[in-house]
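> Okay, here's the prediction I keep looking at, along with the sequence it came from:
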Amino acid sequence: MKILLTGGAGYIGSHTAVALIEAGFEPVVLDNFANSHPVVLERLQRITGQTMALERGDVLDTHWVEDLLRRHRPVGVVHFAGDKAVGESVALPLKYFHNNIGGAVSLLRAMQTVHAEDPSTPPTLVFSSSATVYGDPASVPITEDFPRSHTNPYGHSKLVIEDMLSALCAANPAWRVGTLRYFNPVGAHPSGLIGEDPAGIPNNLMPYVTQVAVGQREHLNVYGNDYPTPDGTGVRDYIHVQDLAAGHVAALKTLLGGGESFTVNLGTGKGHSVLDVVHAFEKASGRPVPYQIAPRRPGDVAQCWADPALAQRLLGWQARHTLDEMCADAWRWQSGNPNGYRG
Ligand code: WQD
């Protein structure tokens, strides 16, 4: 059974492709390589021993997406494609509204058109959402019924797409949709062949830490140590990308097995501070991670971690990897690929 992965050559998409093959599915990768690299497909072949179908193009090209849906007839679609840098979204809001919301509209319209031609296969979608839709939570841990808000165009685009999916399911009950709210994905496949490869200066903590450890960056700037947290630095729910990938497989199996549409948090239910991550990474890598305390980053919240109970109840899924394992796997990827996929 084929599964279409839009943005399938990206960080989460590539790890999900491996997990899908291991679960007996046949991934089809759709990617325009705007924020990923063709080398990923070669790495996936080395990991899985299978050559994955690649559709190189843009999810915004609705007619092209309709055509590939007719050719491949996937039983499900996982929508990863989109831009995801919070800071960039503030500077370039139209890029985010166009690519993220426009891309989702294009994909959904293509799926609806092809479904109308052959109603035998219910349109089945897993959507890559984000804990960012919770804005600054009033308390932690966060459950799915917490109020949503947005503090930047990236988070706003995720929130709008969630609302589009709710309206679509209400209008057409044939749709089966699983919305996954990721917390903080980190780590890499244990082979060290695929991993996180941000373009330019990393926005996120873990890739910045790995680049300091490998000598690409001089030191880490810790954005604030005066938060109301145990050590004063920001606390987040870091989740191993392998657990995240397993969550996508569980979501697809639930929907394909006739389950109702759902929205769940994918997190560990544990919070770790910036300094917890620094110390765990130094232990895992054996490398120092020098840091300096810097001013708070605008838009950051003090604490954000998940209550993952609903995902466990609905999907039979829970995160299993520890922070130490996340750091060890991230280090194996970075130390083996100091320049990411650019060689
Ligand atoms: C984590 C902690 C920072 C970098 C964002 C998006 C979210 C998702 C993950 C896309 C915070 C601190 C960071 C650095 C630091 N993205 N930090 N120095 O902001 O929780 O979430 O990325 O899906 O949607 O909102 O993740 O890794 O940027 O920050 O001190 O150089 O690390 O202040 O406390 P964040 P992050």
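Nice, thanks for sending it over.

> that's a helix at residue 279, yeah?
Yes. Assessed with DSSP: H, G, I helix; E, B strand; the rest coil, residue 279 lies in a helix.

> That one: neighbouring residues, count only.
As a burial measure, residue 279 scores 16 neighbours (other Cβ atoms under 10 Å). C-beta here means a position set from N, CA and C on the backbone, and glycine is covered the same way.

> could you measure the residue located most distally from the centre of the chain against residue 110, distance?
Residue farthest from the centre of the chain, counting by Cα atoms, centre = their mean, is residue 117 at 31.2 Å. As judged by Cβ to Cβ, to the nearest Å, residue 117 and residue 110 stand 11 Å apart.

> List the buried residues in the host helix or strand of residue 111.
Per DSSP states H and E: residue 111 is located in helix 103-117. The neighbour-count check on helix 103-117 (16 or more other Cβ atoms under 10 Å) flags 103-108, 110-112, 114-115 as buried.

> Tell me which residues are up against that helix.
The contact list for helix 103-117, computed with Cβ atoms under 8 Å, 6 or more residues apart in numbering, reads 6, 58-63, 65-66, 69-70, 77, 79, 81-82, 121-123, 125, 127, 161, 164-165, 168, 172, 174.

> now do stretch 195-211
For stretch 195-211, contacts defined as Cβ under 8 Å, 6+ apart pick out 11, 35-37, 85-88, 184-189, 217, 220, 236, 238, 241, 274, 277-278, 281, 289, 326, 329-331, 333-334, 337, 340-342.

> rerun that using 7 Å as the cut-off
By Cβ atoms under 7 Å, 6 or more residues apart in numbering, the residues outside stretch 195-211 that reach it are 11, 35, 37, 85-87, 186, 188, 217, 220, 274, 277-278, 281, 289, 330-331, 333-334, 337, 340-341.

> Ok, stretch 228-240 next?
For stretch 228-240, contacts defined as Cβ under 7 Å, 6+ apart pick out 183-187, 222-227, 266-268, 270-275, 277, 300, 302-306, 319, 321, 323, 325-326.

> Please list which of those residues are also close to the ligand.
Checked against the ligand using Cβ under 6 Å from any ligand atom, those yield the following neighbours: 184, 222-223, 274, 300.

> Now for residue 46, how many residues are close by?
10.

> I'd assumed residue 193 was in contact with it.
Yes. Using Cβ atoms under 7 Å, residue 46 makes contact with residue 193 at a distance of 5.9 Å.

> Please list the residues of the stretch 51-200 of the chain that sit near the ligand.
Contacts of the stretch 51-200 of the chain with the ligand, taken as Cβ under 6 Å from any ligand atom, map to 84, 86, 130, 132, 182, 184.

> Now do the contacts for the first one.
For residue 84, the set of contacting residues under the criterion of Cβ under 7 Å, 6+ apart consists of residue 154.

> same check, this time on the fourth one
Applying Cβ under 7 Å, 6+ apart to residue 132 gives the contacts 154-155, 158.

> Doesn't it lie inside a strand?
No. Secondary structure of residue 132 (three-state DSSP): helix, not part of a strand.

> So which residues of the stretch 151-300 of the chain form strands?
Using DSSP state E, counting those that start in this stretch, the strands of the stretch 151-300 of the chain run over 176-182, 184-186, 220-223, 235-236, 238-240, 262-266, 272-273, 291-294.

> Looking at the ones you listed, which one is packed in the most?
Mean neighbours per residue, mean count of other Cβ atoms under 10 Å, is largest over the strands of the stretch 151-300 of the chain for strand 238-240, with a mean of 27.

> From the contacts of stretch 228-240, list just the buried residues.
Using 16+ other Cβ under 10 Å as the burial test, the contacts of stretch 228-240 include 183-187, 222-225, 227, 266-268, 270-275, 277, 302-306, 319, 321, 323, 325-326 as buried.

> hang on, isn't residue 225 packed against residue 295?
No. Residue 225 is beyond contact range of residue 295, at 10.3 Å (criterion: Cβ under 7 Å).

> so what's in contact with the two at the same time?
Counting by Cβ under 7 Å, 6+ apart, residue 225 and residue 295 have no common neighbour.

> Relative to the ligand, how far out is the residue nearest to residue 164 when sequence neighbours are not counted?
The shortest distance from residue 164 to any non-neighbouring residue, by Cβ to Cβ, 6 or more residues apart in numbering, is to residue 104 (6.4 Å). Here residue 104 is placed at a distance of 15 Å from the ligand (Cβ to the nearest ligand atom, to the nearest Å).

> try residue 197
In terms of Cβ to the nearest ligand atom, residue 197 sits 14 Å off from the ligand.
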